[in-house]
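**Q** Give me a 3D structure for the following:
(one chain, ligands or ions: 1)
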Amino acid sequence: MSSFSGIWVPLVTPFHQGEIDFPALQALSTHLLKQGIDGVVVCGTTGEAPTLSKDEQLQVLDAVLEIIPGHQVVMGLSGTHLPTVSGMLEAILQRPVAGILLPAPYYIRPSQAALVAWFTELADRSSVPIILYNVPYRTGIHLELDTLRQLATHPKIVAIKDCGGSLELTLSLIADGQLDVLCGEDAQIFSTLCHGGTGAIAASAHLFPEKFVNLIQQIKMNDLSGARQTFFSLLPMMRLMFTAPNPAAIKYALSLDGLLHNELRAPLLPAPENVERAVRNHLNQYSR
Ligand SMILES: O=C(O)C1=N[C@H](C(=O)O)C[C@H](O)C1
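**A** Alright, predicted model coming up:
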């Protein structure tokens with residue numbers, strides 16, 4: 001049985017005049033949950049986690065946990081200073097979360113052996129499952145297949161959010177069957193699921209979440225032609241959402257529906273006008 005499967009939305013963090021907009025965060029959480037998603041990730045990349053203080057990250061988590069049951073909430077945890085990261089882990093574990101999404105320490109580019117030591121140390125300290133987050137274009141370092149296989153033997157390491165960009169790696173992990181493979185590159189969701197991935201953590205699923213949920217159902221039911229149709233109907237939107245640094249386009253799209261203010265924290269900026277125009281034109285085709 002998979003521990004992590006289906007559609008998980010890495011929540012944006014709404015801001016208003018520089019502060020976290022908690023009412024908007026909770027309204028968005030309610031809205032997404034109603035669409036049948038399997039869960040949310042708080043303080044992932046899309047949540048602009050590095051622009052939040054540790055206290056703010058915990059406040060965001062607490063606000064989401066008031067709306068979404070803990071078994072449907074995963075918390076992102078990143079950093080490079082082990083005592084700080086461990087302290088944050090301890091604080092998170094005082095809350096009822098389903099798991100922790102853990103990327104490699106960014107910027108430092110440690111060896112694979114050092115990565116094994118880092119993840120093992122944190123997994124040893126965790127009472128909840130760990131989802132490895134392989135996102136080399138953000139952290140600067142790849143989690144290689146041997147490293148992942150070694151980490152997969154840890155009882156607390158159960159899944160991977162796969163943004164590694166290597167089909168070979170994805171196929172090997174799925175064939176191994178040791179980790180739940182969650183697609184982390186939205187445009188690869190159809191192929192990952194068809195190959196046997198268990199689900200996706202997809203930022204673009206903020207929009208049309210019900211269609212993403214339907215895609216999972218269609219694949220489960222072996223309705224491949226239906227699933228293909230659903231996927232290709234979503235693909236232009238998925239592509240559009242990453243034409244500006246994430247989550248700028250998503251926040252703009254959600255602001256059009258009145259779900260939040262179109263505000264990001266430095267060093268991110270709102271999407272440029274040409275992206276906003278393309279998002280508007282695209283969404284105008286749908287009555288939502
Ligand atoms: O926040 C996330 O989790 C995601 N982040 C990716 C990224 O921008 O690096 C995109 C993915 O859809 C989910």
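
**Q** just the strands in the stretch 151-288 of the chain please.
**A** For the stretch 151-288 of the chain, applying DSSP state E, counting those that start in this stretch gives strands covering 157-162, 180-183, 199-201.

**Q** what about these, which gets the closest to the ligand?
**A** Closest to the ligand of the strands of the stretch 151-288 of the chain is strand 199-201 (C-beta to the nearest ligand atom; 4.9 Å). Every residue, glycine included, has its C-beta placed from N, CA and C.

**Q** if you average pLDDT over the closest one, what comes out?
**A** When pLDDT is averaged over strand 199-201, the result is 98.

**Q** Of all the residues in it, which ones are buried?
**A** By 16 or more other C-beta atoms under 10 Å, the buried positions in strand 199-201 come out as 199, 200, 201.

**Q** try stretch 147-159
**A** In stretch 147-159, counting by 16+ other C-beta under 10 Å, buried: 147, 148, 150, 151, 152, 154, 156, 157, 158, 159.

**Q** Could I get the contacting residues of residue 171?
**A** Contact partners of residue 171, counting by C-beta atoms under 8 Å, 6 or more residues apart in numbering, are residue 195.

**Q** how about the residues of this protein near the ligand?
**A** Within the chain, the residues that sit near the ligand (C-beta under 6 Å from any ligand atom) are 10, 41, 44-46, 135, 138, 184, 186, 201-203, 246.

**Q** Next, check those against the helices and list the overlap.
**A** Among the residues of the chain next to the ligand, DSSP state H puts residue 138 in helices.

**Q** want to throw the strands of the stretch 151-288 of the chain into JSON lines with distance to residue 86?
**A** Converted to JSON lines, these look like this (distance: least, C-beta to C-beta, whole Å):
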{"stretch": "strand 157-162", "distance to residue 86": "16"}
{"stretch": "strand 180-183", "distance to residue 86": "24"}
{"stretch": "strand 199-201", "distance to residue 86": "24"}
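
**Q** quick one: which of those is nearest residue 33?
**A** Residue 33 lies closest, by C-beta to C-beta, to one member of the strands of the stretch 151-288 of the chain: strand 199-201, at 15.8 Å.

**Q** what about the residue in the stretch 51-200 of the chain that the ligand sits nearest to, distance to residue 22?
**A** In the stretch 51-200 of the chain, the residue that lies nearest the ligand is residue 186 (4.9 Å; C-beta to the nearest ligand atom). Taking C-beta to C-beta, to the nearest Å as the measure, residue 186 falls 27 Å from residue 22.

**Q** between these two, who's got more neighbours?
**A** Using other C-beta atoms under 10 Å as the criterion, residue 186 and residue 22 rank with residue 186 on top: 22 against 17.

**Q** which residues touch that one?
**A** Applying C-beta under 8 Å, 6+ apart to residue 186 gives the contacts 200, 202, 203, 204, 205, 238, 241, 242.

**Q** Thought residue 249 was touching the last one, still the case?
**A** Yes: with contacts counted by C-beta atoms under 8 Å, residue 242 reaches residue 249, the gap being 7.2 Å.
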